[in-house]
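Chemist: I would like the atomic coordinates for the input below:
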Amino acid sequence: MTKLLVILFIGLCFETMGVVLLSKGLKRLEGPRAYSVSEIAKMVGRAVTNKQIVLGVAFEAVFFICLLTMMSRADVSFVWPLTSLTFVFSTVAARFYLHEQIDGLRWGGVLLIVLGAGLITFTEKRKEAERVKAGLTQVPRL
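Modeler: Alright, predicted model coming up:
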């Protein structure tokens, strides 16, 4: 399970950097003057030449690769809820890197996400211990 958590941490770091870069790049992107095909095409052209947006998408792709790796090695009911930690990482990055103001209620939500992730990790450790206790030598690779 340690390898899986390392992959998760790496993926969450890339996801957070990707979200921050996308936010910065999109805020600098001029929107379409009108909602016509040509104006939207021009906006897309500006987006694909914006270094922050391109790098943000690349970082999101690395996160997706990490997610695929984790899902191929563990239960979806374990992996997918742990990806909610991206909200924790992103909120911290938004506060300290983007200098956004985060109120107490939002920090409370972040704390609940951390507690939920802790419970999910605990259940996985308990499941592994039960497998070992039952004499199952084939513990799934993590």
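Chemist: Give the residue spans of the chain that score low on pLDDT.
Modeler: 136-142 (pLDDT under 70).
Chemist: Quick one: distance of the lengthiest helix in it to the chain centre.
Modeler: For the chain, the helix with the greatest residue count under DSSP state H is helix 104-133. Its chain's average C-alpha position is 16 Å from that of helix 104-133, according to CA atoms, centre = their mean, to the nearest Å.
Chemist: I'd like to know how far the nearest residue to residue 106 once chain neighbours are set aside sits from residue 65.
Modeler: Excluding the flanking residues, the one nearest residue 106 by CB to CB, 6 or more residues apart in numbering is residue 91, at 6.9 Å. C-betas here are computed from N, CA, C, even on glycine. Remark: distance between residue 91 and residue 65 (CB to CB, to the nearest Å) = 24 Å.
Chemist: go on, residue 10?
Modeler: Taking CB to CB, one finds residue 10 at 10 Å from residue 65.
Chemist: again with residue 15
Modeler: For residue 15 relative to residue 65 (CB to CB), the value is 11 Å.
Chemist: what about the two, which has more around it?
Modeler: A side-by-side neighbour count of residue 15 and residue 65, using other CB atoms under 10 Å, places residue 15 first with 23 against 13.
Chemist: That one is in contact with residue 58, isn't it?
Modeler: No. Residue 15 is beyond contact range of residue 58, at 11.9 Å (criterion: CB atoms under 8 Å).
Chemist: What ranges does the chain have for its helices?
Modeler: So, for the chain - with DSSP H - the helices run 2-28, 37-48, 51-73, 76-82, 85-96, 104-133.
Chemist: tell me what the first one is packed against?
Modeler: Judged by 3 or more CB pairs under 8 Å, 6 or more residues apart in numbering; DSSP states H and E, the packing partners of helix 2-28 are helix 51-73, helix 76-82, helix 85-96.
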